[in-house]
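Asks: Quick check, what structure comes out for this input:
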Amino acid sequence: MKRYIDKFVSYLEIEKNASGYTIINYKHDLEEFGVFLKDVALEKVDYLTLRKYLAFLKSKNLKPRTLARKISCLRTFFRFLCREGYLKSNPSALLLTPKLDKRLPEFLTEEEMAKLLNAPAKDSPAGLRDRAILETLYSTGMRIGELVGLDIEDVDFISGVVKVKGKGKKERLLPIGEKALSALREYVDKRKKQTKELLLNKNNTRLTDRGVRDIMEKYIRQVSLKENISPHTLRHSFATHLLNRGADLRSVQELLGHVNLSTTQIYTHLSTERLKNIYDKAHPRA
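Replies: Numbers count the residues shown, from 1 in each chain. The predicted structure is shown next:
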């Protein structure tokens, strides 16, 4: 099993150019499947074996999305093994991925966003860094992993663009607003240690995903905003506010780095309030 998993991981990395998170999750899912199989050879796995495994997973009361990911992993894994000639038939061909309800992403209003952006102190290095983080996330809509991976050379302070490396190691250029650039410029100019990394922690090494989440939680509590807000909430707010102010869906898709437009379309559900306001103003019987 381990040999097949290693080959599959190489396929994900080299051919599919999958993200690090996908590779880690899929590898873990397959190792878990291997433990379930015990001494059963992969060539002996049939549809009934997979049904028993799904029953085992359901007994663990997993979240629907986690279960769906594990099924998707198995289907991709067995398709790969058949394509490469390691297996003659695909036992996962009849497996169905459960249909999931689309979750509307949480977002902040423009007023709530302003409160959060103004929360960090402007008279300390940590405050300047935190303000730069919040301004950059909201100004560009980039993912947290893209943010912490930035080096100073990735930000063009003159042209107002920033180069990010997104999912699947795909690079894209994003416009960045003057307020975010100003916050970044002030932070970089006043920090004690100058390194190639854009954002540093207290040990003057690159800030991590976890570090940004901790910073966010601190200011959310400070300004008493709603719960369940994460760095991704700023990405959701970025997209929602753009659409509310008239941006077209294709442009927002490109800015977010979504491969499929359907992924971006979920944000159109969040524009209902804007449509209601237009209706109230325009309809004679509203």
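Asks: got the contact list for the helix or strand harbouring Arg51?
Replies: Using DSSP states H and E, Arg51 maps to helix 47-58. Applying C-beta atoms under 8 Å, 6 or more residues apart in numbering, the external contacts of helix 47-58 come out as 33, 36-37, 40, 67, 70-71, 74, 91-92, 94-95. Bear in mind the C-beta positions are built from the backbone N, C-alpha and C, glycine included.
Asks: now those as CSV including neighbour count, distance to Asn203 and pLDDT?
Replies: Below are these laid out as CSV (neighbours: other C-beta atoms under 10 Å; distance: C-beta to C-beta, whole Å; pLDDT from 0 to 100):
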residue, neighbour count, distance to Asn203, pLDDT
Phe33, 22, 39, 94
Phe36, 13, 41, 94
Leu37, 14, 43, 92
Val40, 12, 47, 87
Leu67, 18, 39, 90
Lys70, 22, 37, 93
Ile71, 20, 41, 92
Leu74, 22, 41, 95
Pro91, 20, 49, 93
Ser92, 19, 46, 93
Leu94, 9, 52, 87
Leu95, 16, 46, 85
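Asks: which ones are touching the closest residue to Leu150 other than its chain neighbours?
Replies: Sequence neighbours aside, Leu198 is the residue nearest to Leu150 in space, at 4.2 Å (criterion: C-beta to C-beta, 6 or more residues apart in numbering). Listed by C-beta under 8 Å, 6+ apart, the contact set of Leu198 reads 150-152, 154-155, 184, 188.
Asks: low-confidence ranges in the stretch 101-250 of the chain?
Replies: By pLDDT under 70, the low-scoring segments of the stretch 101-250 of the chain are 101-105, 168, 227.
Asks: those strands in it, which residues are they?
Replies: 155-156, 161-165, 171-175 (DSSP state E, counting those that start in this stretch).
Asks: Need phi/psi at Lys202.
Replies: Backbone dihedrals for Lys202, given as degrees, to the nearest 10, come out at phi -70, psi -20.
Asks: Next, the contact list for it, please.
Replies: For Lys202, the contact set (C-beta under 8 Å, 6+ apart) comprises Ala126.
Asks: run the last query once more with 10 Å
Replies: Contact partners of Lys202, counting by C-beta atoms under 10 Å, 6 or more residues apart in numbering, are 125-126, 129, 211.
Asks: how close does it sit to Gly211?
Replies: In this view, Lys202 and Gly211 are 9 Å apart by C-beta to C-beta, to the nearest Å.
Asks: give the contact list for Gly160.
Replies: Each residue near Gly160 by C-beta under 10 Å, 6+ apart is listed here: 139, 174-178, 180-181.
Asks: and if we set it to 8 Å?
Replies: Taking C-beta under 8 Å, 6+ apart, we find Gly160 in contact with 175-178, 181.
Asks: Mark which of the contacts of Leu198 are part of helices, please.
Replies: Judged by DSSP state H, helices contain the following of the contacts of Leu198: 184, 188.
Asks: And the contacts of Leu198, which of them are buried?
Replies: Buried subset of the contacts of Leu198 (neighbour count, 16 or more other C-beta atoms under 10 Å): 150, 154-155, 184, 188.
Asks: taking those residues as a set, which two sit the farthest apart in space?
Replies: Farthest apart among the buried ones among the contacts of Leu198 by C-beta to C-beta are Asp154 and Val188. That separation is 12.3 Å.
Asks: All set now, cheers.
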